[in-house]
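K.L.:
I would like the atomic coordinates for the input below:
(2 chains)
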Amino acid sequence: MSDYVPEEVVAQILFRLPAKSVSEFRCVCKSWCALINDPTFISNYTHFAIKNITSNSQVILRHYDRVNSQERFTLHHDGISFSPIKELDLPFENKPDSFNVIGICYGLVCLLDYHQKGLSKSVIVWNPSLESCVRIMFKFTAANFESVHGFGFDPKSVDYKVVRIVVRDHFIIGVRDAPRPVVQVFALKVGSWRNVTTGDTSLCRITVKTPQAYVNGTLHWVGYDTESHHVAQGIQRRLVLLAFDLREEVFKELNVPDELKTDELAYGREQKLFIGALDQKLALMHYYTQWYNSPSYDGCCIWMMKEYGLGESWTKQFKIDLRLGLGKMAGLRRNGEMLLVTRYNEELVSFNTVNRKMQKLGIYGETWSFFLDTYMESLVLMQRINGVLKMPTPPFNATSSSKAHRGETSGV
Amino acid sequence: MASSSSSSSCSSSSEKKITLKSSDGEALNVEKNVALEFEPAKGFLEDNSEEADDEAIVVPLPNVSAAVLSELIPYVKQRLELSAKPVQKKLIKAFDDQFTRHLSDDKLGELMLAANYLGVNYLLDVLCDVTADRIKNKSVEYVREFLGIQNDFTPEEEAELRAQCPWAFEGVDQD
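P.N.:
Residues are numbered from 1 along each chain as shown, chains lettered A, B, ... in the order given. Below is the predicted model:
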């Protein structure tokens, strides 16, 4: 090929390449370098990857490996088999109990740093495809403040956002409480925390450390209405979902299926309702017992919200008998099989819900730690590699790491 | 190459023909529905719609050679026939694979530029997929050679750029 290749065609080719190759090809010539460094190009690369995410057969799996006492992130082919592609190198220290996963969204991983015992001071946003990360320091932290964190992608501004809801309380955050919680948003492109006004709308409560689900540009947590009422067995609360729209930066509530509305055991040790995203849809995993004193859950019902935002569209999609020795649902595969964790030895298995055949995958970890998401390549956080820090670098205390950190930047 | 199968399925001689004139001055007769797939031809035909006799129209395509056009025309023709039927995506994919599999790097480049100029986006997508597949994980030198790009960096500038992301150059395939 010797004819001049127009820029729009070059861009089309680059969209189809892994982020590592794109970074490398900045060296091809000056015009390629300028194109790749352009923030518009990076946004378009993200758009292309999101548009094609359903045809992407790679998934990122996170689990806590008990034998080696460490968090592990691995890439797998979600095809006929569930074969491993590679282990992802964490570009920061991987000590036991040093961080908690807030969320994985469109190729980026967001972690809550536990560096100071019990007191988190920062979150880390990590791009595995570029092996780069950014540490975002919190604006204020204090022992008597509790917070819930979220991480997702805003399709309107084509940007990733970290959300932090802080309140002076124990374990429970009620958006309608006085004093109102402080809600802060850190957009990666903006590079600083910004306070969000929550308005006067009455909203439900959510507990600290409750998992999130990202669907439709919105973060979701399981919450409950403050107007609890007493029944014979104890307190019964009306369950609802708290949603934070990352585009408009507003809270709203979504209904759970009627059957689950008054489930009294949604929290704490006996939590039995978990939120998740399956097949790009909002899902609820409801674990149940058939007898009052069953030693463990007898089954799991998986509900999916067929049409986003429409409470009536909740559908009971699967019902899995857990008496076979299964413990927790970890994810849904492209072939319709379900990933579950066995109760006996905490191994990940692929379960065919039709013929009930089970395939062992040889991956062992803490039951609660398994988390799966579609993987996608991203050029976000390439600025550091480019040598230009988009975010100001505060005097950040190095986390006394023994490992050489690659491309870690800081933002306030 | 694909003319035998296309002539059997599209025997209607009543189909209106248009003449396309290539960059090297050759005139090629094509069915009007095929010509309409090419943006410049579509625009030209719309501008000259008052012309009663389509046969008399000659659409100039000054950026595409006759050699490239004669590869594109049977492709577009078959692709149109395929998309007219309620066929599975798989069949179209198989057809595209068959078309691109044996393309030389040079031919791939020529077709890509032509597809871009002619606005045949479904073909451009396929050709970009193939190009990306061929340069994926290759060295910078390989990509320059492949796309015929002149390196306009000074050795110092290039060394500096490489030093910014040394990891991106690890594990690159042998050319």
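
K.L.:
neighbours of B:Asp175, just the number please.
P.N.:
The local packing of B:Asp175 (other Cβ atoms under 10 Å in any protein chain shown) involves 10 other residues. Where C-beta positions appear, they are placed from N, C-alpha and C, glycine not excepted.

K.L.:
list the contacts for it?
P.N.:
Taking Cβ atoms under 8 Å, 6 or more residues apart in numbering or on different chains as the contact definition, B:Asp175 lies against B:138-139, B:141-142.

K.L.:
burial count for B:Asp129?
P.N.:
Counted with other Cβ under 10 Å, the neighbours of B:Asp129 add up to 16.

K.L.:
give the helix, strand or coil label for the residue in chain B that chain A sits nearest to.
P.N.:
Nearest to chain A, among the residues of chain B, is B:Gly109, at 3.0 Å (Cβ to the nearest Cβ). Using DSSP: H, G, I helix; E, B strand; the rest coil, the structure places B:Gly109 in helix.

K.L.:
pretty sure A:Lys261 sits against A:Leu239.
P.N.:
Yes - counting by Cβ atoms under 8 Å, A:Leu239 is a contact partner of A:Lys261 at 5.6 Å.

K.L.:
which of these two has more residues huddled nearby?
P.N.:
Between A:Lys261 and A:Leu239, counted using other Cβ under 10 Å, A:Leu239 has the larger neighbour count: 22 against 15.

K.L.:
buried residues in the longest helix anywhere in chain B?
P.N.:
Longest among the helix segments of chain B by residue count, using DSSP state H, is helix B:66-84. Going by neighbour count (16 or more other Cβ atoms under 10 Å in any protein chain shown), the buried part of helix B:66-84 is B:66, B:68-69, B:71-80.

K.L.:
same question for stretch A:332-341.
P.N.:
Residues A:332-333, A:337-341 are the ones in stretch A:332-341 that count as buried (16+ other Cβ under 10 Å).

K.L.:
and these as CSV, adding secondary structure, pLDDT and distance to A:Asn255?
P.N.:
Shown next, in CSV, are the buried residues of stretch A:332-341 (DSSP: H, G, I helix; E, B strand; the rest coil; pLDDT from 0 to 100; distance: Cβ to Cβ, whole Å):
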residue, secondary structure, pLDDT, distance to A:Asn255
A:Leu332, strand, 88, 22
A:Arg333, coil, 90, 28
A:Glu337, coil, 90, 29
A:Met338, strand, 90, 25
A:Leu339, strand, 93, 27
A:Leu340, strand, 91, 27
A:Val341, strand, 92, 29
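
K.L.:
quick one: A:Met376 from A:Gln70, how far?
P.N.:
Per Cβ to Cβ, to the nearest Å, A:Met376 is found 24 Å from A:Gln70.

K.L.:
so which of these two has more stuff around it?
P.N.:
When A:Met376 and A:Gln70 are compared for neighbours, A:Met376 comes out ahead with 20 against 13, by other Cβ under 10 Å.

K.L.:
isn't there a helix covering that one?
P.N.:
No - if the criterion is three-state DSSP, then A:Met376 is coil and not within a helix.

K.L.:
tell me, how many residues neighbour the nearest residue to it once chain neighbours are set aside?
P.N.:
Among residues not flanking A:Met376 along the chain, A:Gly107 sits closest, at 4.0 Å (Cβ to Cβ, 6 or more residues apart in numbering or on different chains). Neighbourhood size, A:Gly107 [other Cβ under 10 Å]: 27.

K.L.:
one more: the one 4 residues further on?
P.N.:
Residues within reach of A:Leu111, counting by other Cβ under 10 Å, total 25.

K.L.:
OK, contacts around it?
P.N.:
A:99-102, A:123-126.

K.L.:
inside strands: which ones of the residues you listed?
P.N.:
Within those, residues falling in strands by DSSP state E are A:99-102, A:123-126.

K.L.:
make sure the residue of chain B closest to chain A is actually in contact with B:Leu147.
P.N.:
Yes - using Cβ under 8 Å, B:Gly109 is in contact with B:Leu147, at 6.9 Å.

K.L.:
which residue is the nearest non-sequential neighbour of the residue in the stretch 201-350 of chain A that chain B sits nearest to?
P.N.:
Residue of the stretch 201-350 of chain A nearest chain B, by Cβ to the nearest Cβ: A:Arg334 (15.6 Å). The shortest distance from A:Arg334 to any non-neighbouring residue, by Cβ to Cβ, 6+ apart, is to A:Asp78 (5.0 Å).

K.L.:
residues touching that neighbour, list them.
P.N.:
The neighbours of A:Asp78, taking Cβ under 8 Å, 6+ apart as the test, are A:57-59, A:333-335.

K.L.:
tell me which of those fall in strands.
P.N.:
A:58-59.

K.L.:
what's the farthest-apart pair in the contacts of A:Asp78?
P.N.:
Every pair in those was compared (Cβ to Cβ); the two farthest apart turn out to be A:Gln58 and A:Asn335, at 14.4 Å.

K.L.:
now what about stretch B:83-101, what contacts it?
P.N.:
With contact meaning Cβ under 8 Å, 6+ apart, stretch B:83-101 is reached by B:2, B:75, B:78-79, B:82, B:108, B:126-127, B:130.

K.L.:
same thing with stretch A:306-319?
P.N.:
For stretch A:306-319, contacts defined as Cβ under 8 Å, 6+ apart pick out A:215-216, A:254-257, A:281-284, A:299-305, A:338, A:353.

K.L.:
that one - what's its average pLDDT?
P.N.:
Averaged over stretch A:306-319, pLDDT sits at 92.

K.L.:
list the buried residues in that stretch.
P.N.:
A:314, A:317-318.

K.L.:
reformat these as CSV; add distance to B:Leu118.
P.N.:
As requested, the buried residues of stretch A:306-319 are arranged in CSV below (distance: Cβ to Cβ, whole Å):
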residue, distance to B:Leu118
A:Trp314, 48
A:Gln317, 46
A:Phe318, 48
